[in-house]
Structures are given as structure tokens and as C-alpha cells.
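Student: Give me a 3D structure for the following:
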Amino acid sequence: MDLLERFLKFSEENRLFNRKDRVLLAVSGGRDSVLMTYLFAKAGLAFGIAHCNFGLRGENADDDERLVTALAAELNVPLYSKHFDTAAYAKEKGISTEMAARALRYAWFEQLRTTENYQYVAVAHHQNDSLETVLLNLTRGTGIAGLHGILPKRGALIRPLLFLTRAEVTAAVSERNLAYREDESNLSIDYLRNKIRLEVVPRLKEINPSLEKTFQENSKRFEELETLLKNYSDQLRRKLFIETASKTYQIELKALQELRPLRTLMYELFKPYQFLPEVLDDLISIWNNDNRVGKQFHSASHKLLVDRTNLILKTSEPADPLNQLFTFDQEVTYKGYQLRMQFAENLDKVNEFGKAAVDADKLIFPLLVRSWQEGDWFKPLGMSGKKKLSDYFISLKIPRFNKSEIPLLVNGNGDIIWVIPYRMDDRYKITDKTKKVAILECI
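Tutor: Residues are numbered from 1 along each chain as shown. As a prediction, the model looks like this:
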């Protein structure tokens, strides 16, 4: 089977694209991407070329760009070329130039793909790239996803050269006398990946000359194992994560503690919510402690609270809105509640949940709507003594995690008039001496 047949067979087996799809090729000018371009052209596929100049290699980078420009002109295909100030971006984000270049190019590729109507972006990774990725992941520490290396297809990103080793790419380029540019940074051992490529892999190939093929076969097994684990975790998540009316999830702590293998399943269950393994390890380390209640753990997008018998999972929110002033002639929206006030004409329905009738003459405007603060107290309607709000929330079985979400209506003298929408303060109730009644309503 010749090279073009192998290319088409690999693409079909992995369902990389349809013959009618338009594919954007990421072409640096190196031998890998030049060979990929050659195969797409030979196959008669519709494609365009995208080239990045990262401004890191001076005249060499400009020579790369000139070669790619000439290649696009020779094949009569669309060319998209962009210059990046990679060093400035890396400094701004506090990351390495390698990470900066990766972030910049993939963001630009996706932008081009959508605006220029391409179905896929193709990058020219081969089997050695996948092998090096696995070794790099193992060096840094990884889960199952890091063991399968580079996948042929991930969303709109495809890698149609993963059926070839680096040696096969080199031989194919040489046999066809294809012009390409050598990136001198590939020969440097300054980068960790290059150290693995130049120092580690050759030693391993002394043990197993077919190292790339072995890793490619292992990659398929690990990919299947990852799929199996994901399917089981998704099923387990649907069983354990109970959605509440307040759009949070309650998860029984005991059920989580009984999972085996614990760390692996915890990581998979909370992966969609971006919790780092280290954060979950911290959670596991305290969830049997007597003082665990109220502990919080955060990811980039969510937060977890350890309650008495449950974990509570909730989307992280921006900082609490500023305290809001409230007068009788306006409506206020606070943390999802709409509050309004009117003077009473009919008291028939003031006992409905979400409404409170107060002695209007005792109100000192403007009123304040805010969240719970440490030390807050009020006199619950029908009681003579005062009660800490933290204790009142416990009596309602409101998780500590949620108590800051409950609005409080505060009088101008600092008294809490109403714990919205649960209970008003006894000091502001209607009595025989009440001359004017204000109806407070919460939606």
C-alpha cells in the first residue's frame, strides 16, 4: 500500500473528514506539515493553508513564511498568514513562549475555521509526537487521558499524519524531493520535549526498535479505557448528583466515601467542573473530620461546600453585588429576587409565602437589602427573644453554603425587618396601634 492509500485509509478509519469537507492546514514550513500538504493536494481535497510567524526566530521565521507563501501559490490554494508578538503575550500572561505560541495559534486557527467556513483544522503531528507527549505526561504526572497521547481527532482538530513515524515522514519527504525548512529549535535540548526526543527516546528504542508502533497500539487501548471510565462516571454522576430547585447539586457524602477506586472516580466525577486533583485530595483529607462542616473548595468555575451529610456543588458567582437601597416607590432585584413594596389597601393575602405586612410608620428610609453577616440577629415573628441568623438558618436546614444567598431587608436603624422570604421581625408586625401598613413582596 503506497503512502497516499495509507493516508486515505487512516483518515477513513478514524473518520477525520468527508471528501467534500474544507480543511484548514496548519503549515509551518517544516517537513511534517509540507508532507501533509502534499498528501491533501494529491488526494484532490479542498483545503487552505494557515501559517503563523511568532516573531521568535528572526530571519529564519521570515524564510519559513516565504516558503509557505510560495507553496500556497504553487498549489493555488488560499493562504492565511499572521504575525504574533509572542514574547509580549508570554510576558503579559506569565507563561513560557512555547505555551504562548500554542495558545495564540490554536485560537487563531479556530477563528479562521469558523469565519472562513472550514470544517476542520489539520495539524501534522506524527507517531513520535504522540510518543513524546505520553513520556512528557508521565514525567509531569498524568491521568488516563495523558496515557493515550495525541488522538487522531478531537472536535474540529484532526491529525492525519498519526499513521507515520518521524523516520517515515523524513523518508517520504526525501523521496519526493519536497522543499521544507528545518526549525533549528528542534535540535536544541533547552526544551523538555526536545530532551525526551533527543536523549530519552533513542535509549528506549535500543530496548524496543518498534517503540512508536508499540506506543500507538497502547494509545488505542488507553483511549478505549478512557471512554469506558467516562461512560461509567457519567452514569454515576447522574445517580449521585441530585439537582435542587436552587440550581445546585447535593451529593451524599457517604456515597462518595464508599467509591473505589476513590481518587480516580472522584477526579472523573468532578472533572466537568474543573476541580484540580490537589483540591479533591484536600477535600478527601478533611471529610471525616468533626470540623468539616462549612469547609469550601473552589475550582475556576464552581465551588463545593461540605455540609453535614452532603457535599453541595454550585456554580461560582461574581463577587456579591453591592448592598442596595430600597424605598417604597421602587423595585429592587437582588440575587435573583425581585422586591417591591406598596401601602396596603387589602390585607387578605398578606400571609402568603413571599409576602410580609409591616408597620409602615416604623420604617426608616432608605431601607437596605444585603446578605447575611457574622453576628446578625433578629426577633422572629411570634417570639419574644432574639435569635442569631446563623442559628435560624440551621433550624430551617439551610446549608451554610446557601445562607449568603438569602436577602435581608434592613431598616435605616440597622434592624433586620425581614429574612426574605422566610420570616419577618416581630418588632415590625402589625398591631392595634398600626395606622399605616406596608406590604413587602418578594418574587
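Student: give me phi/psi at Trp108?
Tutor: Backbone torsions for Trp108, taken as degrees, to the nearest 10, come to phi -70, psi -40.
Student: any idea whether the nearest residue to it once chain neighbours are set aside is helix, strand or coil?
Tutor: For Trp108, ignoring the flanking residues on the chain, the nearest one in space by C-beta to C-beta, 6 or more residues apart in numbering is Lys82 at 5.9 Å. All C-beta atoms are positioned from the backbone trio N, CA, C, and that covers glycine. Using DSSP: H, G, I helix; E, B strand; the rest coil, the secondary structure recorded for Lys82 is strand.
Student: where exactly do the helices run in the stretch 101-250 of the chain?
Tutor: Secondary structure of the stretch 101-250 of the chain, counting by DSSP state H, counting those that start in this stretch: helices at 127-140, 166-175, 192-195, 201-207, 211-240.
Student: For Ala41, find the nearest of those helices.
Tutor: helix 166-175 (13.9 Å; C-beta to C-beta).
Student: quick one, what contacts Gln64?
Tutor: Just to correct that, residue 64 is Asp rather than Gln. 28-29, 51, 53, 57, 181, 183 (C-beta atoms under 8 Å, 6 or more residues apart in numbering).
Student: Go again with 7 Å.
Tutor: Contact analysis of Asp64 by C-beta atoms under 7 Å, 6 or more residues apart in numbering lists 28-29, 181.
Student: Check what contacts the strand or helix carrying Glu268 and list those residues.
Tutor: Using DSSP states H and E, the element containing Glu268 is helix 262-270. Applying C-beta under 7 Å, 6+ apart, the contact partners of helix 262-270 are 143, 229-230, 233, 236-237, 256, 259, 277, 280, 284.
Student: any idea of the mean pLDDT for the helix or strand following it?
Tutor: Downstream of helix 262-270, the next assigned helix or strand under DSSP H and E is helix 277-286. Throughout helix 277-286, pLDDT has a mean value of 91.
Student: Check stretch 399-406 too.
Tutor: pLDDT averaged over stretch 399-406 gives 75.
Student: just checking, Val369 touches Leu409?
Tutor: Yes - assessed by C-beta atoms under 7 Å, Val369 is found in contact with Leu409 at 5.9 Å.
Student: Looking only at neighbour counts, state which of these two leads.
Tutor: For Val369 versus Leu409, the count of surrounding residues by other C-beta atoms under 10 Å is larger for Leu409: 27 against 22.
Student: Then the more buried one would be within a strand, right?
Tutor: Yes - secondary structure assignment places Leu409 in a strand (three-state DSSP).
Student: if I read this right, it contacts Leu367, doesn't it?
Tutor: Yes - at 5.9 Å, Leu409 counts as touching Leu367 under the criterion of C-beta under 7 Å.
Student: joint contacts of the two?
Tutor: Here Leu409 and Leu367 share no contacting residue, scored by C-beta under 7 Å, 6+ apart.
Student: Checking Glu441 next. Helix, strand or coil?
Tutor: For Glu441, the assignment made with three-state DSSP gives strand.
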